[in-house]
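Chemist: below: sequence and its predicted model.
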There are 4 protein chains.
Amino acid sequence: MGTVTDQPTPARPGRKRSEASRQAILAAATELVGEVGYAGLTIEGIATRSGAGKQTIYRWWPSKADVLLDALAAKADLHVPIPDEGSYPGDLRAFLTASFMLGRNRHVIEVLRALMAEAQINAEFGERFRASFLQRRREALGVIVDRAHARGDLPSTPTSGTVADIVFGVVWYRLLATGQPLDQRLVDELVATLASRS
Amino acid sequence: MGTVTDQPTPARPGRKRSEASRQAILAAATELVGEVGYAGLTIEGIATRSGAGKQTIYRWWPSKADVLLDALAAKADLHVPIPDEGSYPGDLRAFLTASFMLGRNRHVIEVLRALMAEAQINAEFGERFRASFLQRRREALGVIVDRAHARGDLPSTPTSGTVADIVFGVVWYRLLATGQPLDQRLVDELVATLASRS
Amino acid sequence: MGTVTDQPTPARPGRKRSEASRQAILAAATELVGEVGYAGLTIEGIATRSGAGKQTIYRWWPSKADVLLDALAAKADLHVPIPDEGSYPGDLRAFLTASFMLGRNRHVIEVLRALMAEAQINAEFGERFRASFLQRRREALGVIVDRAHARGDLPSTPTSGTVADIVFGVVWYRLLATGQPLDQRLVDELVATLASRS
Amino acid sequence: MGTVTDQPTPARPGRKRSEASRQAILAAATELVGEVGYAGLTIEGIATRSGAGKQTIYRWWPSKADVLLDALAAKADLHVPIPDEGSYPGDLRAFLTASFMLGRNRHVIEVLRALMAEAQINAEFGERFRASFLQRRREALGVIVDRAHARGDLPSTPTSGTVADIVFGVVWYRLLATGQPLDQRLVDELVATLASRS
DNA sequence: GGGTAAGCGAGACGGTACGTCCGGTCTTACC
DNA sequence: GGTAAGACCGGACGTACCGTCTCGCTTACCC
């Protein structure tokens, strides 16, 4: 820091982006996806419901999925926890318990499923979704695993890289394929499988 | 014989379904999804490419995803193996190795990702996809796990039900989220994690 | 020649045309045009309602208008009267009065309007409609006018050829353009205009 | 001034209707009906030929017949003459001569036949066609007849109301049923029949 | 404080695909 | 060979949204 030369906003002329519109658009998107589902959600519908013009949406978001991703961030607490409980099993349990909180809200789950779906179909959104959502969670878990590794607390199997695959794999598989809940039993099971010395 | 065995098809009147059209439609769907991607795939395009009328497609398939699911079945060997190697680790290794064969073909992977995506967005297709694709694979793995259980060969963790979650979870997570390959190393890792007595 | 060798029906092999189907088709056409109007009338609808196959209709009639023309002939008395009352005004009055009977039935009028419309749009049907319907009525009126001419009973205006134009012109114009009824007053008016010596 | 004069166009927001598209659509409709006939004319075809979107057509016209009616108005001089020659026969002759000018153009006749046909089949268009086309011509002739009536120039037969029925009846009957031309002989004949004192 | 540069709601525009309807043809099994 | 049933290819329907493009207007900064 020190020098303040870099001005992030070069003080451009013209009207400022309307925060009111932004809020209204995100709120409308959230409401509508709950009412008509992701397939029935349209930019046109969001514009009508929010009282915004279509152009205003297209100006700031590349697709309806991006709107929804922003809406999710505005609504749900997407903060990624990196607990420090002193032991690998403890950290893991805390991380999973905190992460699964998101899965409590049925609407949030629906949106997450839709976003993951869109990420498959629309490659550019997939890029953004992976970078801004999936990757962050992987990295948080990575911190925990690295810490355990340094501590000599990590079992030989699975490999450190595979831990994330298993954790997020099971979570997403339940969301996308079976619909089983993300409950405390799953936390226990995962901790037992991943943190027990074999 | 001599007895009138009950005929399952009671000789309905009218023209028979054209097998040629069916084949042409499935082939066109496969080609097109490779050329333009799932998002660019349209019923209209399939009809044009295959030389069929749109109505003929709508008569037999409820959505483009269903066409693709059939096309996949016609093209790729979707047979689900239930190996019997005499030991749990052996069975698991054989099952995984065989299953991962599918993942060799880049086109097949693309289609699978699209179908899983569609299953999130279109609930009715989701039902069909789960029943005709996902569930069968779970059941095959279930047989292996049950056999190991009877044999007293099964570790205490993870629970038998969670084995499938972990296996298919990791597989789908790699397909959908990270793009990592389904290789022999993953087989080893999974076998080690799931079949080692802790 | 002179001998009766030519058999009009050469006793062809195969099943005879089903009179029952013919009746059912004509009846269905009549019912349907009353229920859904000419625009909503379809060959498919007639087939379904009558219990006939589409092919059976296409085998015997070139278009839905032809079916309707046959149905009209079967239902309404399309006999064209050529009265002989001894005088031109008397013949004319009798001819008009008899002709206007058809116009009593609202359904018949609707069908006639539709057929005249179809005759404009479908040239081949137009040919048939003119020959089998319009021309016959012109000829009947022609007989009356010729007879008056021979009798020296015909006014100088309008010309004999124009009489039919005026009579049928007024009738069709009322049917197609204004919807005014074909009543006794119109008969009087036409007789006065066409049969009065100027 | 100072008073706020009522503004007829209250300055609505949004993009203005494209006059270029309107022209292109009418031109395309005119061309196409000449090439493929009214039965072969489709909204889709008009859209393609004109380079407009289908929605743009549907936004401004309820049916292809309405497009054609506008196209006719834009192309042909649909001005309805009300001559004043000083005498009933003179007025009538002038009106008929002027009116028959339209009938010179074969394309215009084809369109008029199609529109009259559509008016039979599509009740809502019929309403519009009668009001915007047929009724205006009746009223123009009505002015002429009223003037003659005031002048004491009108024969007792036919009744004033029937004059229009006969004039337009003969004209339309020739267009729709016989195809005879609207020539000077017909003018003479009609004037003689309608304007001679009996 | 006038000029100019966005942003805004509104809505028309060229496109594209939807899912449906029907036309006219054909195949099939029966009679 | 006629018939009911029904699948087939084709093509237009009218609708829904897409993403873009004017419009007239409302801010905001800049000289």
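Modeler: Sure thing, it's come through.
Chemist: between helix B:160-173 and the host helix or strand of residue A:167, find me the angle.
Modeler: In this assignment (DSSP states H and E), residue A:167 forms part of helix A:160-173. Inter-element angle recorded for helix A:160-173 and helix B:160-173: 100 degrees (by axes from the mean of the first three to the mean of the last three CA atoms, to 10 degrees).
Chemist: quick one: the following helix or strand past helix A:160-173 near chain B?
Modeler: Next along the chain after helix A:160-173, taking DSSP H and E as the criterion, comes helix A:184-195. Yes. For helix A:184-195 and chain B, the contact criterion (CB under 8 Å from any CB of the partner chain) is met by A:186, A:189-190, A:192-193. From N, CA and C alone the C-beta is placed, and that goes for glycine too.
Chemist: what residues are up against the residue most central in space within chain A?
Modeler: In chain A, the centroid-proximal residue (CA atoms, centre = their mean) is residue A:133; its distance is 4.0 Å. If a contact means CB atoms under 8 Å, 6 or more residues apart in numbering or on different chains, then residue A:133 has A:69, A:78, A:115 as its contacts.
Chemist: quick check: phi and psi at it.
Modeler: With angles defined as degrees, to the nearest 10, residue A:133 sits at phi -120, psi -60.
Chemist: cool, and the one 10 residues further on?
Modeler: Dihedral pair for residue A:143: phi -60, psi -40, per degrees, to the nearest 10.
Chemist: that one and residue A:82 touch, don't they?
Modeler: Yes. In this structure, residue A:143 is within contact of residue A:82 by CB atoms under 8 Å, at 5.3 Å.
Chemist: tell me the spacing between the residue nearest to the centre of chain A and residue A:28.
Modeler: Per CB to CB, to the nearest Å, residue A:133 is found 22 Å from residue A:28.
Chemist: and the helices in chain A?
Modeler: A:19-40, A:43-50, A:54-60, A:64-75, A:88-101, A:106-121, A:123-129, A:135-151, A:160-173, A:184-195 (DSSP state H).
Chemist: who in chain A is up against DNA strand E?
Modeler: For chain A, the contact set with DNA strand E under CB under 7 Å from any atom of the strand comprises A:12-18, A:21-22, A:24, A:51-56, A:59-60.
Chemist: out of those residues, which are close to DNA strand F?
Modeler: Applying CB under 7 Å from any atom of the strand to those, those adjacent to DNA strand F are A:13-16, A:54-55.
Chemist: dump these into CSV; add pLDDT as well.
Modeler: Below are those laid out as CSV (pLDDT from 0 to 100):
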residue, pLDDT
A:13, 83
A:14, 88
A:15, 93
A:16, 95
A:54, 98
A:55, 98
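Chemist: can you pick the most crowded of those residues?
Modeler: residue A:54 (13 neighbours; other CB atoms under 10 Å in any protein chain shown).
Chemist: got a list of what that residue touches?
Modeler: Residue A:54 neighbours (CB under 8 Å, 6+ apart): A:43-44, A:47.
Chemist: residue A:177 contacts residue B:131, doesn't it?
Modeler: No. The pair residue A:177 / residue B:131 is not scored as a contact, 11.6 Å apart, by CB under 8 Å.
Chemist: of those two, who's got more company?
Modeler: Taking neighbours as other CB under 10 Å, residue A:177 and residue B:131 compare with residue A:177 leading, 23 against 10.
Chemist: show the contacting residues for that one.
Modeler: Residue A:177 sits next to B:116, B:130, B:134, B:168, B:172 when contact means CB under 8 Å, 6+ apart.
Chemist: repeat for residue A:116
Modeler: Applying CB under 8 Å, 6+ apart, the residues contacting residue A:116 are A:129, A:172, A:175-176, B:117, B:120, B:176-177.
Chemist: swap in 10 Å and give it another go.
Modeler: Residue A:116 is in contact with A:65, A:126, A:129-130, A:133-134, A:172, A:175-176, B:116-117, B:120, B:176-177, counting by CB atoms under 10 Å, 6 or more residues apart in numbering or on different chains.
Chemist: do the same with residue A:143
Modeler: With CB under 10 Å, 6+ apart, residue A:143 has these contacts: A:80, A:82-84, A:91, A:95.
Chemist: how close does it sit to chain D?
Modeler: 53 Å (CB to the nearest CB, to the nearest Å).
Chemist: model confidence at that residue, what's the number?
Modeler: Note for residue A:143: predicted pLDDT of 95.
Chemist: now the one 4 residues further on
Modeler: pLDDT recorded at residue A:147 is 95.
Chemist: likewise residue A:9?
Modeler: 57.
Chemist: closest point of chain A to chain D, which residue?
Modeler: residue A:53 (9.7 Å; CB to the nearest CB).
Chemist: burial of the nearest residue to that residue once chain neighbours are set aside, as a residue count?
Modeler: Leaving aside its sequence neighbours, residue A:53 sits nearest to residue A:47 (CB to CB, 6 or more residues apart in numbering or on different chains; 6.2 Å). Around residue A:47 there are 19 other residues, counting by other CB under 10 Å.
Chemist: in this structure residue A:47 contacts residue A:25, no?
Modeler: Yes. Residue A:47 is within contact range of residue A:25, at 7.9 Å (criterion: CB atoms under 10 Å).
Chemist: can you check which residues contact both of these two?
Modeler: Joint contacts of residue A:47 and residue A:25 (CB under 10 Å, 6+ apart) are A:56-57.
Chemist: which residues touch residue A:92?
Modeler: Applying CB under 10 Å, 6+ apart, the residues near residue A:92 are A:83, A:85, A:141, A:144-145, A:148, A:163, A:167, A:187, A:190-191, A:194-195.
Chemist: thought residue A:132 was touching residue A:65?
Modeler: No. Between residue A:132 and residue A:65 there is no contact under CB under 10 Å: 11.6 Å.
Chemist: which of those two has more neighbours?
Modeler: Higher neighbour count among residue A:132 and residue A:65: residue A:65, with 25 against 14, using other CB under 10 Å.
Chemist: mind listing what that one touches?
Modeler: A:38, A:41, A:111, A:114-119, A:121-122, A:124-126, A:128-129.
Chemist: give me phi/psi at residue A:78?
Modeler: Per degrees, to the nearest 10, the backbone of residue A:78 is at phi -90, psi 10.
Chemist: and it, how many neighbours?
Modeler: Applying other CB under 10 Å, I find that residue A:78 has 15 neighbouring residues.
Chemist: relative to residue A:131, how far out is it?
Modeler: Following CB to CB, the distance that separates residue A:78 from residue A:131 is 14 Å.
Chemist: same check on residue A:124?
Modeler: For residue A:124, the distance to residue A:131 - CB to CB - is 11 Å.
Chemist: pLDDT below threshold where in chain A?
Modeler: A:1-10, A:197-198 (pLDDT under 70).
Chemist: okay, now the domains of chain A?
Modeler: A:19-72, A:88-195 (automatic domain parsing).
Chemist: redo those as TSV? Include distance to residue C:104.
Modeler: Shown next, in TSV, are the domains of chain A (distance: least, CB to CB, whole Å):
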stretch	distance to residue C:104
domain A:19-72	54
domain A:88-195	64
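Chemist: out of those, which gets nearest to residue C:74?
Modeler: Among those, domain A:19-72 comes nearest to residue C:74, with 51.3 Å by CB to CB.
Chemist: wait, residue A:66 touches residue A:46, no?
Modeler: No. Taking CB under 10 Å as the definition, residue A:66 is not a contact partner of residue A:46, at 11.6 Å.
Chemist: who has more neighbours, the two?
Modeler: Shown here are residue A:66 and residue A:46; by other CB under 10 Å, residue A:46 has more neighbours (27 against 21).
Chemist: if I look at that one, how far off is chain B?
Modeler: 17 Å.
Chemist: in this structure that residue contacts residue A:52, no?
Modeler: Yes. Using CB under 10 Å, residue A:46 is in contact with residue A:52, at 7.6 Å.
Chemist: overlap of the contact sets of these two?
Modeler: A:24-25, A:28.
Chemist: what residues does chain A have near DNA strand F?
Modeler: A:11, A:13-16, A:40, A:42-45, A:54-55, A:58, A:63-64.
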